[in-house]
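[1] How does the following fold in three dimensions:
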Amino acid sequence: MAIELPMIEKSAGVILYRHFFDGRKYLVIRSSREQAEIAPQKFVQFFWDFPKGKIEYGETGEEAARREVGEETGVTEVDFMPGFMKNVHYTIYKGGKPIPKEVYLYLAQTSTERVVLSQEHRSFEWLSFDDAFRRVTLVEMKNALKDARKFLETI
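    Here you go, the predicted structure:
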């Protein structure tokens, strides 16, 4: 009997930050779905994450990340930080079935404060590191945010 392995869903996204008068803040967005299945039969409400989405055929990870942040937030002025890209792995669940996910997560700065959300998202916030860390749902994304902060401290 052959074992059927699930396809890996490849996505790209951006940890987007901006400087405000009171310091650096990170953009987090909340899914418009009422709940998200983060483990078999384990659901959470208020799924918060960074802008990201599936890589389309022919796109590089950075091209997909730039497109997704524009589509999901309306922010098109983004300056990617050379040397930062995290390959984040986690599993999402749909109807109890595991779907492995690989996300190429980039770090970018913007001077744009205004956010216009797509229908996929319900709300957004520009948050300090500590608040963004608490707000983001998945531990894998929290770890990427920690790495982004460390990276920014070195430049």
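
[2] which residues touch the residue nearest to the spatial centre of the chain?
    For the chain, Phe50 is the residue whose C-alpha lies nearest the centre (Cα atoms, centre = their mean; 2.7 Å). By Cβ atoms under 8 Å, 6 or more residues apart in numbering, the residues touching Phe50 are 13-16, 26-29, 105, 136, 141. Every residue, glycine included, has its C-beta placed from N, CA and C.

[3] what do you get if the cut-off is 7 Å, keeping everything else the same?
    Contacts here follow Cβ atoms under 7 Å, 6 or more residues apart in numbering; on that basis Phe50 touches 13-15, 28, 105, 141.

[4] Narrow those residues to those in strands?
    Residues of these located in strands (DSSP state E): 13-15, 28, 105.

[5] Greatest separation within the residues you listed: which pair is it?
    The most widely separated members of these, counting by Cβ to Cβ, are Val28 and Leu105 (13.2 Å).

[6] that older thread, would you turn the ones in strands among the contacts of Phe50 into JSON lines with distance to Tyr93, pLDDT and neighbour count?
    Shown next, in JSON lines, are the ones in strands among the contacts of Phe50 (distance: Cβ to Cβ, whole Å; pLDDT from 0 to 100; neighbours: other Cβ atoms under 10 Å):
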{"residue": "Gly13", "distance to Tyr93": "19", "pLDDT": "99", "neighbour count": "24"}
{"residue": "Val14", "distance to Tyr93": "24", "pLDDT": "99", "neighbour count": "27"}
{"residue": "Ile15", "distance to Tyr93": "24", "pLDDT": "99", "neighbour count": "28"}
{"residue": "Val28", "distance to Tyr93": "22", "pLDDT": "99", "neighbour count": "24"}
{"residue": "Leu105", "distance to Tyr93": "20", "pLDDT": "99", "neighbour count": "24"}
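
[7] Redo those as a markdown table? Include distance to Gly61.
    Output for the ones in strands among the contacts of Phe50, formatted as a markdown table (distance: Cβ to Cβ, whole Å):
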| residue | distance to Gly61 |
| --- | --- |
| Gly13 | 9 |
| Val14 | 11 |
| Ile15 | 14 |
| Val28 | 20 |
| Leu105 | 9 |
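
[8] and which of the residues you listed is nearest Ile55?
    In terms of Cβ to Cβ, no member of these lies closer to Ile55 than Gly13, at 10.2 Å.
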